[in-house]
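In: Turn this into a model:
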Amino acid sequence: MPSRSATIIDVARRAGVSKTTASDALSGAGRVSEATRARIMAAAAEIGYTPNTAARHLRRSRTGAFGLYMPRRVLGMTFYMDFAFGAAERARDSHLDLTLLAPDPLSDRLPQLRVDGLVIVDPLSNDPVTTKLLAADLPVVTVGRYRGVGPAAAGVLNADHAAMVNRLLDQLALAGASFPGLIAQDEDFQADWSALVLDAYHQWCRHRGIAPQVRTVATDATPQDVDRAVRELMEQEPSIDAVVCAPDGTALRALGTLRSLGRRVGDDILLASCVASPSLELCDPPITAIDLRPRQYGSAAVELLIEILAATAEPPTERLHTADLLVRASTSPPAAR
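Out: Numbering: from 1, shown residues only. Here you go, the predicted structure:
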């Protein structure tokens, strides 16, 4: 072969087929037998053919990129970063770029969106950017339902947060707790998951005749804010024998606060988190947590958007993402203590 880059015509000649057949085989389109497709793929490999993805997307009036938007206040949190990595990996596997969007919430207009579709994580009903993105002429997958007013998303991916909170609270009861308190997200973070967590906790308490005990913190709460909330919770109701922390990152701080109050976590008080992170596994004692499997979550969100664009999933489509409960020493049953 000459030193120039191999073209689709070179592949077609090498495989003894037409340019159209070669193009269909390499792109996965059209009706091409498996034997012919295999011969074309082998020919492409032999001559070092690399598809021009930019040109292919241009021919299809596509940019070859997806946009990812999440609330600014959560960008440093472990869950959201792991989610973004999972989304980027899935996009890369399909030769797509992933762009992290950071529009100005104070601006009246969105910047030009050079993407084929959007993934919005935790769409907040009080976020003007979310409202504008949902109104853009693009397919959107939301991670969590949008509770605001406006156009519906083409796809919704969600974990069963209510079921997972019930599993967590049942684990606390199994471990001997009868009066769990909750550190919840404050009302400024109007995401679907935070509302589902709070509702599930209230229903669980109501079913057992327990008076709910809740303190709230902001999404970007400081360690001092979390410390204050835990202290207020324990001082208001000293008979609380378990603490559940909903916001990402608050359980680790709560562990230190409970110790400063003379409580022994995993012994005379239990502690659990609604969001898992590596730090919760490494602390002493390791803290029970709901594992939302964020990398797989991100990958599944991009997969759903790909299917919507390819018309293999018909909007509106809702899918359930599987989570798990990681039971650790902070909620060990009485026999294990």
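In: Poorly predicted segments of the protein, please.
Out: By pLDDT under 70, the low-scoring segments of the chain are 1-5, 27-30, 51-61, 105-108, 334-337.
In: the helices in it, which residues?
Out: 8-15, 19-27, 34-47, 53-59, 78-93, 128-135, 161-174, 192-207, 223-236, 250-260, 278-282, 294-309 (DSSP state H).
In: Now distance to residue 153 and mean neighbour count too, for those, in CSV please.
Out: In short, each C-beta sits where N, CA and C put it, glycine included. Shown next, in CSV, are these (distance: least, Cβ to Cβ, whole Å; neighbours: other Cβ atoms under 10 Å):
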stretch, distance to residue 153, mean neighbour count
helix 8-15, 37, 19
helix 19-27, 28, 19
helix 34-47, 35, 16
helix 53-59, 23, 12
helix 78-93, 16, 19
helix 128-135, 7, 19
helix 161-174, 18, 19
helix 192-207, 11, 19
helix 223-236, 32, 17
helix 250-260, 29, 20
helix 278-282, 31, 14
helix 294-309, 10, 22
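In: mind checking which of those helices is nearest residue 270?
Out: helix 161-174 (5.5 Å; Cβ to Cβ).
In: That closest one vs helix 192-207, what angle?
Out: In terms of direction (axes from the mean of the first three to the mean of the last three Cα atoms, to 10 degrees), helix 161-174 departs from helix 192-207 by 40 degrees.
In: I'd like the numbering to begin with 31 instead of 1 from here.
Out: Will do, 31 is the new start, and the previous item becomes helix 191-204.
In: Dump helix 191-204 to PDB, restricted to CA.
Out: The C-alpha trace of helix 191-204 is given here as PDB (Å, rounded to 0.1, in the frame of the first residue of the first chain):
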ATOM      1  CA  HIS A 191     -34.200   4.600  46.200                       C
ATOM      2  CA  ALA A 192     -37.300   3.800  48.200                       C
ATOM      3  CA  ALA A 193     -36.700   0.100  48.200                       C
ATOM      4  CA  MET A 194     -33.000   0.600  49.000                       C
ATOM      5  CA  VAL A 195     -33.800   2.900  52.000                       C
ATOM      6  CA  ASN A 196     -36.300   0.300  53.300                       C
ATOM      7  CA  ARG A 197     -33.600  -2.400  53.000                       C
ATOM      8  CA  LEU A 198     -31.200  -0.200  54.900                       C
ATOM      9  CA  LEU A 199     -33.700   0.600  57.600                       C
ATOM     10  CA  ASP A 200     -34.700  -3.100  57.900                       C
ATOM     11  CA  GLN A 201     -31.000  -4.000  58.300                       C
ATOM     12  CA  LEU A 202     -30.800  -1.500  61.200                       C
ATOM     13  CA  ALA A 203     -33.800  -3.100  62.800                       C
ATOM     14  CA  LEU A 204     -32.300  -6.500  62.300                       C
END
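In: Contacts only, for the closest residue to residue 224 other than its chain neighbours.
Out: Of all residues not flanking residue 224 in the chain, residue 215 sits nearest, at 3.9 Å (Cβ to Cβ, 6 or more residues apart in numbering). Applying Cβ atoms under 8 Å, 6 or more residues apart in numbering to residue 215 gives the contacts 221, 224, 227, 228, 246, 247, 248, 249, 276, 277.
In: likewise residue 70?
Out: Counted by Cβ under 8 Å, 6+ apart, residue 70 has contacts 41, 42, 45, 47, 51, 52, 55, 56, 62.
In: just residue 110 next, same as before
Out: So residue 110 contacts 100, 104, 151, 278, 324 (Cβ under 8 Å, 6+ apart).
In: Which of these sits closest to residue 140?
Out: Distances from residue 140 to the contacts of residue 110, taken by Cβ to Cβ, are shortest for residue 100, at 15.6 Å.
In: Double-check the closest one against residue 153; I have them as touching.
Out: No. Residue 100 is beyond contact range of residue 153, at 9.3 Å (criterion: Cβ atoms under 8 Å).
In: Comparing those two, which residue is more hemmed in?
Out: residue 153 (28 against 24; other Cβ atoms under 10 Å).
In: distance of the more buried one from residue 236?
Out: 28 Å (Cβ to Cβ, to the nearest Å).
In: what's across from the residue nearest to residue 243 when sequence neighbours are not counted in the sheet?
Out: Spatial nearest neighbour of residue 243, chain neighbours left out: residue 211 (4.1 Å); criterion: Cβ to Cβ, 6+ apart. Beta bridges link residue 211 to residue 273, judged by DSSP bridges.
In: Spell out which residues sit in contact with residue 211, please.
Out: Here residue 211 is in contact with 243, 244, 245, 263, 264, 267, 270, 272, 273, 274 (Cβ under 8 Å, 6+ apart).
In: Spit out the contact partners of residue 220.
Out: Applying Cβ under 8 Å, 6+ apart, the residues near residue 220 are 154, 155, 156, 177, 178.
In: Now for residue 100 and residue 153: what residues contact both?
Out: Counting by Cβ under 8 Å, 6+ apart, nothing touches both residue 100 and residue 153.
In: With that, I have no additional questions.
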